[in-house]
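Student: no FASTA, just this:
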């Protein structure tokens, strides 16, 4: 494929750790899917060596994926970033999605005289239970670099922006870019649910869904323990697990040890998450933290009742379908709330989501304003 890029186009470099399927990655991809590709050219700098469906999609859309596995050597990181910006550029815009690491990217872009330097916040934590002195120094230092080096300070939600940039700074200079979705793909109807359950081999069980990388912060094991307790009272029930990651073997071992192999089904990464959401009955999200999880926007669009960790931002409650439950008080509060909500009335909620401007329909206009030189 010819990757030569017209000099007349405005050139954008997105910097993101990986192009594996995930929330932040999907948002970064939407910045390419819905942009005017006759006007803009887009590259992605990633730090892993793995191909993924998103890698293929970038190339199919006419972009480039630049791989530099340099996180193990921070001494040369700044030089590598600047070399990429010079060798593959010159770029007009650099858009970084790497939280505090955005400091390195923004500083390199500033030193390369790149006009528009966009820092994006996608999360409200880095997953550390306790903040060490070194971590505190790193965050403080990176935050100061981002403030000095970026030209725009974006976040997917208020809490994410306050976490990365500081509360007062974000209030004065920050902006929120909503995690938009293709709302109509998640439109619920009973007829569609019945049809999809047949296609996805779901019988008349009560079916729970978990969507996300199989990594510690998603807290899958907690959800499994809740399910095991529920299973004792609702024998005809199961969990569908969508996603992949480093915790897969550990989680599968736990499932086998607890004789739940037929009840907890790992489906890996799939492209039809919307169909699973329409087909199932409930969503679990017991995460230790999240930014503004797009999965919950999707689930609410489909009218799906969501049992959600109280560590997740309350901004995500767009409908009455989100139940925030403590993950610090054990599984009992979760079991009680699930039993209380077992017979909720499922409804199509896409209008409620569209009315709050979470639909992708006008994302192109928003990107045009964001990337205007």
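Tutor: It's in. Since we're looking at a predicted model, the values are computed, not measured.

Student: Which parts of the stretch 51-200 of the chain are strands?
Tutor: All strands of the stretch 51-200 of the chain, identified by DSSP state E, counting those that start in this stretch, fall at 64-67, 93-96, 116-121, 152-155, 174-176.

Student: what would those strands look like in a markdown table with mean neighbour count, distance to residue 80 and mean pLDDT?
Tutor: C-betas here are computed from N, CA, C, even on glycine. Output for the strands of the stretch 51-200 of the chain, formatted as a markdown table (neighbours: other C-beta atoms under 10 Å; distance: least, C-beta to C-beta, whole Å; pLDDT from 0 to 100):
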| stretch | mean neighbour count | distance to residue 80 | mean pLDDT |
| --- | --- | --- | --- |
| strand 64-67 | 16 | 10 | 94 |
| strand 93-96 | 27 | 14 | 98 |
| strand 116-121 | 26 | 17 | 97 |
| strand 152-155 | 22 | 23 | 96 |
| strand 174-176 | 16 | 28 | 95 |
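
Student: Can I get the ones you listed in a markdown table including distance to residue 267?
Tutor: What follows is the strands of the stretch 51-200 of the chain, written out as a markdown table (distance: least, C-beta to C-beta, whole Å):
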| stretch | distance to residue 267 |
| --- | --- |
| strand 64-67 | 26 |
| strand 93-96 | 32 |
| strand 116-121 | 29 |
| strand 152-155 | 31 |
| strand 174-176 | 32 |
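
Student: Please identify which of these is closest to residue 221.
Tutor: Proximity to residue 221 (C-beta to C-beta) singles out strand 116-121 among the strands of the stretch 51-200 of the chain, at 27.5 Å.

Student: Which other helices and strands does the closest one contact?
Tutor: Contacts defined by 3 or more C-beta pairs under 8 Å, 6 or more residues apart in numbering; DSSP states H and E place strand 116-121 against strand 93-96, helix 102-111, strand 152-155, helix 158-165.

Student: Run through the stretch 51-200 of the chain and note the low-pLDDT ranges.
Tutor: In the predicted model, the stretch 51-200 of the chain carries pLDDT under 70 at residues 71-73, 126-131.

Student: before we move on, back to that, can I get the helices and strands packed on strand 116-121 in TSV including distance to residue 9?
Tutor: Compiled in TSV, the helices and strands packed on strand 116-121 are given as follows (distance: least, C-beta to C-beta, whole Å):
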stretch	distance to residue 9
strand 93-96	11
helix 102-111	18
strand 152-155	20
helix 158-165	30
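
Student: Any idea which of those gets closest to residue 61?
Tutor: Closest among those, once you apply C-beta to C-beta, is strand 93-96, at 15.8 Å.

Student: Name every strand pairing with that closest one and say which way it goes.
Tutor: If you go by DSSP bridges, strand 93-96 pairs up with strand 10-15 (parallel), strand 116-121 (parallel).

Student: Of all these, which one is nearest residue 83?
Tutor: Proximity to residue 83 (C-beta to C-beta) singles out strand 10-15 among these, at 12.4 Å.

Student: got the contact list for the closest residue in space to residue 245 that isn't next to it in sequence?
Tutor: In space, residue 245 comes closest to residue 214 once its chain neighbours are excluded; the distance is 3.3 Å by C-beta to C-beta, 6 or more residues apart in numbering. With contact taken as C-beta atoms under 8 Å, 6 or more residues apart in numbering, residue 214 is in contact with 220, 241, 243-248, 251.

Student: which one of those sits closest to residue 132?
Tutor: So of the contacts of residue 214, ranked by how close each gets to residue 132 (C-beta to C-beta), first place is residue 246, at 22.4 Å.

Student: check contacts around the closest one.
Tutor: The contact partners of residue 246, by C-beta under 8 Å, 6+ apart, come to 214-215.

Student: Residue 218 versus that one, what's the distance?
Tutor: For residue 246, the distance to residue 218 equals 11 Å [C-beta to C-beta, to the nearest Å].

Student: shared neighbours, the two?
Tutor: Contacts common to residue 246 and residue 218, judged by C-beta under 8 Å, 6+ apart, are absent.

Student: So, low pLDDT: which residues of the stretch 251-373 of the chain?
Tutor: Along the stretch 251-373 of the chain, the model assigns pLDDT under 70 to no residue.

Student: For it, just list every one of the helices.
Tutor: With DSSP state H, counting those that start in this stretch as the criterion, the stretch 251-373 of the chain has helices at 273-279, 294-301, 332-340, 350-354, 363-370.

Student: counting contacts, what elements does the longest helix seen in the chain pack onto?
Tutor: Determined from DSSP state H, the single longest helix within the chain is helix 133-149. In terms of contacts (3+ C-beta pairs under 8 Å, 6+ apart), helix 133-149 is packed against helix 102-111, helix 158-165.

Student: What is the longest one packed up against?
Tutor: Which is helix 102-111. Contacts defined by 3+ C-beta pairs under 8 Å, 6+ apart place helix 102-111 against helix 77-87, strand 93-96, strand 116-121, helix 133-149.
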